[in-house]
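Engineer: Sequence plus predicted model, see below.
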Amino acid sequence: LQIGDVVRTGPGADDFHPVYFFSHRDRAVSSTFVEIETEKATLLLSPTHFVPLGEQLVPARQVAAGMRVKDSSGNWVEVSQVRRVRRSGLFAPHTTSRSGTIAVNDLLASEFTTAVRPEAAVALLWPLKAMYRVGLRVAPHYLPCAHW
């Protein structure tokens with residue numbers, strides 16, 4: 001995934017938006033992740049990344065079997081299993097979407113984490129999003145100081 005790639009950000013026909021920034025982008029780092037499995041797909045994300053559950057955002061570490069998450073078509077699917085796993089690579093793309101969601105393996109996840117309240121993150125990232133929209137790019141597409 002690269003800056004400028006268009007990704008699905010919700011269930012609507014127009015819910016495709018470009019990635020404008022990564023708050024994390026490191027292939028080499030090894031981390032513990034939460035693996036959320038449904039009948040349709042598996043979502044792998046950091047324990048602090050939010051997952052939309054109904055009208056709430058819940059940290060992935062709090063998701064449990066039996067809860068329902070939304071797929072990229074807008075359907076609710078039941079979580080069948082949740083595991084902690086160790087994997088390499090840590091990526092946190094941000095899109096120009098207003099929803100703050102991104103589809104990963106056909107399941108919706110939030111672009112935000114518990115490190116910064118989503119409302120504050122939107123405000124902090126706004127200048128980068130505005131720069132992207134007028135054609136300015138942040139090089140090298142990743143700011144080492146942005147480890148939220």
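Structural biologist: Sure, I can see it.
Engineer: which residues touch the one residue sitting closest to the centre of the chain?
Structural biologist: Centroid check for the chain by Cα atoms, centre = their mean gives Glu111 as the closest residue, at 3.4 Å. By Cβ atoms under 8 Å, 6 or more residues apart in numbering, the contact set of Glu111 is Ala92, Pro93, His94, Thr95, Gly100, Thr101, Ile102, Ala121. To be clear about C-beta, it is placed using only N, CA and C from the backbone, and glycine gets the same treatment.
Engineer: How about the helix or strand that contains the second one, which residues are buried there?
Structural biologist: Put plainly, it is Pro93. Here Pro93, judged by DSSP states H and E, is contained in strand 76-95. Burial within strand 76-95, assessed by neighbour count using 16 or more other Cβ atoms under 10 Å, is assigned to Val77, Val79, Val82, Leu90, Phe91, Ala92, Pro93, His94, Thr95.
Engineer: in its sheet, what does that strand sit against?
Structural biologist: Here strand 76-95 has these sheet partners by DSSP bridges: strand 16-38 (antiparallel), strand 68-70 (antiparallel).
Engineer: What average pLDDT does that strand get?
Structural biologist: The average pLDDT within strand 76-95 is 94.
Engineer: how about Glu119, phi and psi?
Structural biologist: With angles defined as degrees, to the nearest 10, Glu119 sits at phi -60, psi -40.
Engineer: and it, how far is that from Tyr20?
Structural biologist: 19 Å (Cβ to Cβ, to the nearest Å).
Engineer: repeat for Ala130
Structural biologist: Counting by Cβ to Cβ, the gap from Ala130 to Tyr20 is 10 Å.
Engineer: Please say which of these two ends up with more neighbours.
Structural biologist: The residue with more neighbours, out of Ala130 and Tyr20, is Tyr20; 21 against 12, by other Cβ atoms under 10 Å.
Engineer: rewinding a little: mind putting the contacts of Glu111 in JSON lines, distance to Arg137 included?
Structural biologist: As requested, these are exported to JSON lines (distance: Cβ to Cβ, whole Å):
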{"residue": "Ala92", "distance to Arg137": "18"}
{"residue": "Pro93", "distance to Arg137": "15"}
{"residue": "His94", "distance to Arg137": "14"}
{"residue": "Thr95", "distance to Arg137": "15"}
{"residue": "Gly100", "distance to Arg137": "21"}
{"residue": "Thr101", "distance to Arg137": "23"}
{"residue": "Ile102", "distance to Arg137": "20"}
{"residue": "Ala121", "distance to Arg137": "20"}
